[in-house]
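**Q** How does the following fold in three dimensions:
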Amino acid sequence: MECWDPSRELMPLDDIRQLQLERLQAVFNRVFKNVSHYRRIFRQIDFVPEDLRSVDDITRLPFTTREDLKRDYPYGMFAVPLREAVRIHAPAVNLDKPVAVGFTANDLKNWGQLMARMLRASGVTKDDVIQVSLPMGKTTGPSGIQLGAELIGASVIPLSNQNPENQVKIMRDFRTTTLVSTPTFALQLKAEMDKLGMDQVGLVLKRGILGAEPWPESMRNRIESSMNISATDAYGLAEIFGLGMAWECQAKKGLHVSEDHFLVEIIDPLSGQPMPDGHEGELVVTTLSKEAFPLIRFRTGDVASIDRSVCECGRTHCRISRISRRVDDVIVMRGTCVIPDQIRVILEKTGEVDPKFQLVVERKNDQDFLSVVVAISDNMFFDEMKKQRLFVEELVRGISGYLGWDAAVKLVEPAAFDHTVKIKDLRGFSD
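**A** Numbering: from 1, shown residues only. Next comes the predicted model:
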């Protein structure tokens, strides 16, 4: 299997470790000098960058959380002056404080290289046409795909995750060979092909690079058999780069982490202690090359395990297992993260104090649907059905406007559900 950057992707393990140490030392110096949050943390534990003697010393530092990023909104976590941030994304949508992620010119250059590795690992060459069908604005993925494709020399069709009928026509007419989308949207495209009577003979689609939401192996098998393509998984974090952090090669035996750019750990989500390789726990990521927005020991909330054996493709970097669940109250669906507290803010705008609600996620006809179940309170007492209907319609508009897609709202009696369980995920990701 061909690599985009063999000198790095096939690097001996000792060399990877040495490079990680050198880059980690540079990161520590940068954040100690320029990021007040990390400088405060270093001083609290009586640690200076020079105390870092090995990669393992990183465990002396506390974790970085999304709450830390919110507290330093908008630019408090930037390690460069704003004039050096040539691009700013705010993809981690939050009603009051979105996370502003900055990129220097060198960050974008590195992101392009990471994306080129991912694309090449799936088989993309300069002769390919890549159709990017990811949600625009709420995910950084489309920007990175374009950077990587330009390096390889492939053609890119930047679209969105809307209008499946037009997208399948574009796929046919523009002779798309590679689809980048969520797995559920890939199946929506297949359903649209069937509706239009468009068989595989009229297409030249070869592969799908799918991610931004969890999907089981049974779903991969279905996509591959029904669309006659090879489907590989991709993983990323909006707070870091987006797609490009980890990806499957054609062997499909775990997602390769670019360890020259990322240091990954697996921890027990309750104790914070490290877990042995091969055991599941929460994925923690430290950036090694980010200039504008470096993160140290960032808790992702995603559950994974690490495999450090050399892959049959020859790449030496470690692999993480595919992500199917989280340790926190976050739903990943339709390429975005949905957080219960953000829904709570919308409910409170209706006059509700401490609203009782639950988010219910279901997968129907290969698409994820969200229902917000709200307990009726005295504040919601309606003497007319018309008022109740208008109230529900107001909530639907507010929640759907925040999400960017339609959600349902159901009013029920307080005893009808356990409001202490904020998320009820009925999609069933086990094979």
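**Q** residues making contact with stretch 54-71?
**A** Contact partners of stretch 54-71, identified using C-beta atoms under 8 Å, 6 or more residues apart in numbering, comprise 17, 20-21, 24, 37, 41-42, 45, 47, 51-52, 77, 92, 94, 97, 99, 239, 263, 265, 272, 274, 284, 286, 295-299, 301. C-betas here are computed from N, CA, C, even on glycine.
**Q** That should have said stretch 156-176, apologies.
**A** 129-136, 142, 145-146, 149-150, 179, 181-182, 185, 188-189, 191-193, 196, 198, 202-205, 334-335.
**Q** make it 6 Å
**A** 129-133, 135-136, 142, 146, 149, 185, 188-189, 192-193, 202-205 (C-beta atoms under 6 Å, 6 or more residues apart in numbering).
**Q** With stretch 410-420 instead?
**A** 356, 358, 371, 373-376.
**Q** Those residues into CSV, with extra columns for distance to Glu84, neighbour count and pLDDT?
**A** Putting those into CSV (distance: C-beta to C-beta, whole Å; neighbours: other C-beta atoms under 10 Å; pLDDT from 0 to 100) gives the following:
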residue, distance to Glu84, neighbour count, pLDDT
Lys356, 46, 17, 89
Gln358, 44, 22, 92
Ser371, 44, 16, 92
Val373, 46, 18, 92
Val374, 45, 25, 90
Ala375, 49, 18, 89
Ile376, 52, 15, 84
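**Q** So which of the residues you listed is the closest to Ile229?
**A** Closest approach between these and Ile229, by C-beta to C-beta: Ser371, at 32.1 Å.
**Q** quick one: that closest one and Val338, what's the gap?
**A** 12 Å (C-beta to C-beta, to the nearest Å).
**Q** The residue nearest to Glu291 when sequence neighbours are not counted: neighbouring residues, count only.
**A** Using C-beta to C-beta, 6 or more residues apart in numbering and skipping the chain neighbours, the partner closest in space to Glu291 is Thr104 (4.4 Å). Other residues within reach of Thr104, judged by other C-beta atoms under 10 Å, total 19.
**Q** so where do the strands sit in the stretch 201-350 of the chain?
**A** Assigned by DSSP state E, counting those that start in this stretch, the strands in the stretch 201-350 of the chain fall at 207-211, 230-237, 242-248, 255-257, 262-267, 281-287, 298-304, 306-307, 319-320, 331-333, 336-338.
**Q** Phe262 and Gln20, how far apart?
**A** For Phe262, the distance to Gln20 equals 9 Å [C-beta to C-beta].
**Q** Look at those two and report which has more neighbours.
**A** Shown here are Phe262 and Gln20; by other C-beta under 10 Å, Phe262 has more neighbours (25 against 20).
**Q** That one bridge partners, please.
**A** Per DSSP bridges, the residues bridged to Phe262 are Thr287.
**Q** list the contacts for Lys190?
**A** Counting by C-beta under 6 Å, 6+ apart, the residues that Lys190 touches are 226-227.
**Q** quick one: Lys109 is in a helix?
**A** Yes. Applying DSSP: H, G, I helix; E, B strand; the rest coil, one finds Lys109 inside a helix.
**Q** Could you list the domains of this protein?
**A** For the chain, automatic domain parsing gives the domain ranges 1-262+288-298+311-323, 339-425.
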